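Colleague: The following comprises the amino acid sequence and a computationally predicted model.
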Amino acid sequence: MVALQYFTGSKEHNISLRSLAIDKGLKINEYGVFTKDTDERIASRTEEEVYAALDLEVMPPEIRENRGEIKAAIDHRLPILLELGDIKGDFHVHSTLSDGSATVEEIALEAKNRGYEYIGITDHSESLKVAGGVSKEDLMRNVEIVRSVSGKTEGIRVLMGTEVEIRNDGTLDYPDSMLKDLDFVVGSVHSGFKMDEKEMTDRIVAAMSNDYLTILAHPTGRVIEQREPYQVNIDRVMDAALEKKVFLEINALPERLDLNDLNCRKAKDRGVTLSIGTDAHSIPQLNYMMFGVATGRRGWLGNKDVINTLPLKDLERTLGI
């Protein structure tokens with residue numbers, strides 16, 4: 001277990017630990033903690049022993065990156081990190097109403113079986129034809145479908161949302177007169193990735209000014225090993241999110257994980273609340289929530305930093321639904 005501590009975390013984390021040990025007349029390697037002068041081993045069995053020898057609280061493995069965790073451990077200010085069991089629902093799920101493979105009924109039952117209190121249906125808006133974008137006429141029909149499923153499925157509330165396209169000028173793909181009838185709205189950029197930083201930032205900030213936008217999905221647009229993030233001033237986006245009370249998404253798809261851990265920490269420090277969504281297109285992909293939670297933990301998030309840790313009644317009050 002001592003070796004587990006030694007090889008967990010970043011190189012910078014371990015360098016800082018070794019420096020702290022030297023200051024205390026100690027030295028650390030994968031076999032334990034030793035006095036520098038006599039080579040007496042004073043910790044050799046567990047991680048807890050290693051950190052105790054340095055007068056430190058045990059730091060969760062996810063935050064061992066030398067980003068302030070050692071100082072927090074000295075000062076007894078380590079965060080209580082988000083847990084998968086804190087999650088009460090998922091705000092980003094696609095059904096057969098667009099390009100998903102499961103029906104709304106199947107999604108609702110699976111969410112209930114997982115112990116969720118709510119699940120959000122967010123099929124694509126009409127301009128994303130490649131993903132079965134829902135026409136304006138069909139959107140209103142789908143509202144009735146989702147409301148019906150929610151009413152007859154005991155123990156889970158099915159929320160009617162949409163993943164609406166953010167157009168190049170920052171307007172949304174559906175008119176406000178339709179968005180107001182939904183429980184929440186997720187806004188996304190799926191085109192125009194080559195805009196310069198100012199254009200893209202202005203576009204996203206303009207969308208966030210819409211009174212009905214609830215969540216900004218995958219805010220930097222990255223797809224790991226496929227597409228770099230688009231050029232965007234994430235600080236301006238976070239400032240707008242705080243001002244407009246828009247939640248920034250941690251997209252839990254393994255190829256996205258966007259926001260990343262660094263931006264999660266930055267959002268937390270600014271007071272921005274986040275949402276974790278799986279972007280699931282099938283029932284098994286609901287399991288991706290674990291990756292979103294892991295990313296949040298790396299970003300020092302606690303359950304108060306994430307909107308979908310709220311119990312249903314508190315969520316309804318927050319969203320005004």
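Modeller: Yep, it's here.

Colleague: Please report how far the residue positioned nearest the centre of the chain lies from residue 10.
Modeller: For the chain, residue 250 is the residue whose C-alpha lies nearest the centre (Cα atoms, centre = their mean; 2.5 Å). To residue 10, residue 250 is 21 Å away according to Cβ to Cβ, to the nearest Å. Where C-beta positions appear, they are placed from N, C-alpha and C, glycine not excepted.

Colleague: Look up how far residue 140 lies from residue 97.
Modeller: 12 Å.

Colleague: what's whatever helix or strand residue 178 lives in packed up against?
Modeller: Assessed by DSSP states H and E, residue 178 sits inside helix 176-179. Contact analysis of helix 176-179 by 3 or more Cβ pairs under 8 Å, 6 or more residues apart in numbering; DSSP states H and E lists helix 136-152 as its packing neighbours.

Colleague: How are the strands of the stretch 1-150 of the chain distributed by residue range?
Modeller: 26-29, 32-35, 41-43, 89-93, 118-121 (DSSP state E, counting those that start in this stretch).

Colleague: Tell me which of those sits nearest to residue 274.
Modeller: Closest approach to residue 274 among these is made by strand 89-93 (10.7 Å; Cβ to Cβ).

Colleague: Show the average pLDDT along the helix holding residue 178.
Modeller: Averaged over helix 176-179, pLDDT sits at 98.

Colleague: Go through that helix and flag the buried ones.
Modeller: Across helix 176-179, burial judged by 16 or more other Cβ atoms under 10 Å covers 178, 179.

Colleague: Also stretch 255-272?
Modeller: Using 16+ other Cβ under 10 Å as the test for burial, stretch 255-272 gives 256-261, 263-268, 272.

Colleague: for that stretch, how far is the first residue from the last?
Modeller: With Cα to Cα, to the nearest Å as the measure, the ends of stretch 255-272 fall 24 Å from one another.

Colleague: Give me the contacts around that stretch.
Modeller: 67, 218-226, 229, 234-235, 238-239, 241-242, 247-251, 274, 279, 291-292, 295-296, 298-301, 305 (Cβ atoms under 8 Å, 6 or more residues apart in numbering).

Colleague: Report the mean confidence score over it.
Modeller: 98.

Colleague: what's the burial count for residue 135?
Modeller: 12 (other Cβ atoms under 10 Å).

Colleague: again, but for residue 144
Modeller: There are 10 residues near residue 144, going by other Cβ under 10 Å.

Colleague: on that earlier part again, go ahead and produce PDB holding the CA coordinates of the helix holding residue 178.
Modeller: Taking Å, rounded to 0.1, in the frame of the first residue of the first chain, the C-alpha atoms of helix 176-179 are listed here in PDB:
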ATOM      1  CA  ASP A 176     -38.800  31.100 -27.200                       C
ATOM      2  CA  SER A 177     -42.500  30.500 -27.600                       C
ATOM      3  CA  MET A 178     -41.700  26.700 -27.700                       C
ATOM      4  CA  LEU A 179     -38.800  26.600 -25.300                       C
END
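
Colleague: Counting by contacts, list what the helix or strand that that helix is followed by packs against.
Modeller: Next helix or strand after helix 176-179 toward the C-terminus (DSSP H and E): strand 186-188. If contacts are counted by 3+ Cβ pairs under 8 Å, 6+ apart, strand 186-188 sits against strand 163-165, strand 215-216.

Colleague: Try it again at 7 Å.
Modeller: In terms of contacts (3 or more Cβ pairs under 7 Å, 6 or more residues apart in numbering; DSSP states H and E), strand 186-188 is packed against strand 163-165.

Colleague: ok, and what's touching the strand it packs on?
Modeller: Here strand 163-165 makes contact (Cβ atoms under 7 Å, 6 or more residues apart in numbering) with 92, 122-125, 127-128, 172-174, 185-188, 190, 217.

Colleague: Selecting buried members of these in ChimeraX, what would you type?
Modeller: Typed into ChimeraX, the line below selects the buried ones among the contacts of strand 163-165, using 16+ other Cβ under 10 Å:
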select :92,122,123,124,125,128,172,173,174,185,186,187,188,190,217
